[in-house]
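> Curious how this folds, go ahead:
(chains A, B, C and D)
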Number of protein chains: 2
Amino acid sequence: MTRLHRNKVEAMTLAQGLKMTPQRRAIVEYLQAAEHHPTADEVLHDVNRKFPMTSRATVYNTLNWLKEAGMIREVFEGGVVRFDPYTAPHHHFVCRRCGRVEDIECELISSLNICSLPGRQRVESVEVTLRGLCSSCQKK
Amino acid sequence: MTRLHRNKVEAMTLAQGLKMTPQRRAIVEYLQAAEHHPTADEVLHDVNRKFPMTSRATVYNTLNWLKEAGMIREVFEGGVVRFDPYTAPHHHFVCRRCGRVEDIECELISSLNICSLPGRQRVESVEVTLRGLCSSCQKK
DNA sequence: TCATCTGTTCAGACGTCGTCCAAAACTGGA
DNA sequence: TCCAGTTTTGGACGACGTCTGAACAGATGA
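From the prediction side, this is the model:
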């Protein structure tokens, strides 16, 4: 399991000699439970429900700290920065109608053969983005 | 050839009853010749060399007009919005060191089989982003 | 040539997003 | 409980993109 978890974050704060504040806990718990890929603004609004007066600076500090620790990933979709609590290699499906970003397991995209590239780039990782209509938008 | 070309844009302006201004021409010619994937700011700076006092509004208007006409694509990489004058299906290679975005022909990425997705999404298109070191960064 | 009309550009105001800073508040160990 | 070090806060700031109204350019007709 390579999903963000509160226990792992608490262990990291100890190891780094840092402190686990209520705001950080709230941010981590929100990300941990998030089914979608929230934006910084969505994190801020949710945390403010539990801790009104939480500032944007705190949310961005915490998100950047988690990102640098490799506990979350950044996802750029449609010009919007989103955060992904699932850090194992995987791909994304983006709905062109509602903009929803869904995780796609790597195994579902098989046999991706990259032939030798003419520019002699050294490829280290591959990300696949599928676009289309999500199941709920198909019904509408 | 599905690359942006001045002649195609001139034909479009005629068809739409619009006007081909020197500013628009300069923007189109810059994009047409661009080897990399320029940002709006790079377009603005280049156009300002030929037409000082060109405003950001003009550049953004023109870029959005070309985008809506399907003559250029937007590419989001590293939280930066870039414009791609090549609109045929293709993929991208992003250098993790210099951030350069290179085009990769579709044929170079073969046998991409997408198995049935559990969420029953309808997949309409696929984009692959390769990451690694570009040839010039490997030398350093 | 002049007036008019339509579409375009420009400059600046504005809103959003993310970062930075100093002061105040808090956390956790002694 | 106290204290040192860490964190939060709120506001300032800069970058980016959009919007607006006034000025401008080119085509058309009198």
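> tell me the mean pLDDT over the top strand by length along chain A?
For chain A, the strand that runs over the most residues, judged by DSSP state E, is strand A:122-133. Strand A:122-133 comes out with an average pLDDT of 88.
> elements contacting that strand?
Judged by 3 or more C-beta pairs under 8 Å, 6 or more residues apart in numbering or on different chains; DSSP states H and E, the packing partners of strand A:122-133 are strand A:91-95, strand B:122-133. To be clear about C-beta, it is placed using only N, CA and C from the backbone, and glycine gets the same treatment.
> Comparing those, which comes out most buried?
Each of the helices and strands packed on strand A:122-133 was scored by mean neighbour count; the highest is strand A:91-95, a mean of 21, by mean count of other C-beta atoms under 10 Å in any protein chain shown.
> ok, A:Glu29 - how many residues close by?
17 (other C-beta atoms under 10 Å in any protein chain shown).
> That one is in what secondary structure piece?
helix A:22-33 (DSSP states H and E).
> sorry, back to before: out of the helices and strands packed on strand A:122-133, which comes closest to DNA strand C?
DNA strand C lies closest to strand A:91-95 among these, at 17.1 Å (C-beta to the nearest atom of the strand).
> thinking again about what came up before, the helices and strands packed on strand A:122-133 into a markdown table, with extra columns for distance to DNA strand C?
A markdown table is the format used below for the helices and strands packed on strand A:122-133 (distance: least, C-beta to the nearest atom of the strand, whole Å):
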| stretch | distance to DNA strand C |
| --- | --- |
| strand A:91-95 | 17 |
| strand B:122-133 | 19 |
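> Looking at the ones you listed, which is nearest to A:Val28?
With distances scored as C-beta to C-beta, the stretch of the helices and strands packed on strand A:122-133 nearest to A:Val28 is strand A:91-95 (22.0 Å).
> re earlier: for the longest strand of chain A, what is the distance to the chain centroid?
Here strand A:122-133 is found 15 Å from its chain centre; the criterion is C-alpha atoms, centre = their mean, to the nearest Å.
> Apart from its neighbours in sequence, what residue is nearest the residue most central in space within chain A?
In chain A, the residue lying closest to the centroid (C-alpha atoms, centre = their mean) is A:Asp84, at 0.8 Å. Excluding its sequence neighbours, the residue lying closest to A:Asp84 (C-beta to C-beta, 6 or more residues apart in numbering or on different chains) is A:Arg73, at 4.4 Å.
> and that neighbour, how many neighbours does it have?
For A:Arg73, using other C-beta under 10 Å, the count is 17.
> Would you confirm that it contacts A:Thr87?
Yes. Under the criterion of C-beta atoms under 8 Å, A:Arg73 makes contact with A:Thr87 at 5.4 Å.
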